[in-house]
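> Sequence first, predicted coordinates after that:
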Number of protein chains: 2
Amino acid sequence: MKIEPIQLIKNNHLKNTAARVAILEFLQKNSEPVDVLEIMNYLKKKDLKTNLTTVYRVLDSFLTVGLVKKLELHEGKYRYELSSLKHHHHLVCQNCGKIEDIENCSLETLEEKITKRSEFLIKHHSLEFYGLCKDCRK
Amino acid sequence: MKIEPIQLIKNNHLKNTAARVAILEFLQKNSEPVDVLEIMNYLKKKDLKTNLTTVYRVLDSFLTVGLVKKLELHEGKYRYELSSLKHHHHLVCQNCGKIEDIENCSLETLEEKITKRSEFLIKHHSLEFYGLCKDCRK
DNA sequence: TTACATGCAAATGTTTTGCAAGGTT
DNA sequence: AACCTTGCAAAACATTTGCATGTAA
């Protein structure tokens, strides 16, 4: 079911490089969105001597072809996840930082209403819930 | 209907300073969320020689007492708006950057479902729609 | 060979921090 | 007087850019 990184790269007409393959691998491994430092650490562990700049540029190329989504969870930095994941939203714990997914999204009808009313053409939305996860509620 | 800045400050047990009053004034003037540079420009225009650091700290004090909300609209910086505004969400134009409000929010039932299912205690949510505004659709 | 990708260093933009001085209650 | 707020300079982060070099197709 999971498509091989190399295949994903070819399908999107990108050049096949070690950094791209490894970053896709890492994204596939993680069900939750990752940041650039987490990616860097993974690359180091795999003994790929890479550069932060490269990570940003690889993510940018993935963004351009639509392979990944860029998220902002009020942390002062961005996170990235595969866009092939089923459409979902996030529960962000304000205490421990844990991020959970929720798959239920009933915003389509709301989007239609908005478009009719305001003539704003909605391309996508971001919906995040902030609070305390099960553990941090105590 | 609109409460005077000085009154808001007193009600929240903050010290009454020129920067705080002016920043509240500015927030009251703006229906859309503002960033720190826009605040700085307003202060300069009013001949209050203020410092960016002060702006951040004033906003922080407002945040602490709950006077303002801090928003992230995928711009690489934060925006702020009065939290006394009626609960609403934003339409962010990806072409011209214009921000519009939408007041219709039917997420309460969704929140209840999520809390039951995941035991995650939701404190608040952020919902933004990205796309093209009426003018930029052409 | 050609166009694109990478590494390094330096720059940029936003937000934060330390510390001394000033203002509010 | 006591405590909070401000100003300035410097630091801390995340992200971007320029340019020379390397590499996939």
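Thanks, I have the structure now.

> Please parse chain A into its domains.
A:5-82, A:89-137 (automatic domain parsing).

> for these, which one sits closest to DNA strand D?
Nearest to DNA strand D among the domains of chain A is domain A:5-82; the distance by CB to the nearest atom of the strand comes to 3.4 Å. Any C-beta I mention is one placed from the backbone N, CA and C, and that applies to glycine too.

> wait, A:K134 sits on B:E119?
Yes: between A:K134 and B:E119 there is a contact at 4.2 Å, judged by CB atoms under 8 Å.

> helix, strand or coil for the closest residue in space to A:G97 that isn't next to it in sequence?
Spatial nearest neighbour of A:G97, excluding adjacent residues (CB to CB, 6 or more residues apart in numbering or on different chains): A:E75 at 7.7 Å. Secondary structure, DSSP: H, G, I helix; E, B strand; the rest coil: A:E75 is coil.

> And A:E75, its phi and psi?
Here is the backbone geometry of A:E75 (degrees, to the nearest 10): phi -110, psi 0.

> Measure how buried it is and give me the count.
13 (other CB atoms under 10 Å in any protein chain shown).

> Could you measure from it over to B:M40?
Going from A:E75 to B:M40 by CB to CB, to the nearest Å gives 24 Å.

> what do you get for A:K86?
From A:K86 to B:M40 the distance is 43 Å (CB to CB).

> So what are the sheet partners of the longest strand seen in chain A and their directions?
For chain A, the strand that runs over the most residues, judged by DSSP state E, is strand A:121-132. Partners of strand A:121-132 in the sheet, by DSSP bridges, are strand A:89-93 (parallel), strand B:121-132 (antiparallel).

> The most centrally placed residue in chain A pairs with what?
For chain A, A:E81 is the residue whose C-alpha lies nearest the centre (CA atoms, centre = their mean; 1.9 Å). Assessed by DSSP bridges, A:E81 has beta-bridge partners A:K69.

> Next up, phi/psi of A:T50, please.
Note on A:T50: its backbone torsions stand at phi -120, psi 170 [degrees, to the nearest 10].

> For it, list the residues it contacts.
Neighbouring residues of A:T50 by CB atoms under 8 Å, 6 or more residues apart in numbering or on different chains: A:19, A:40, A:43-44.
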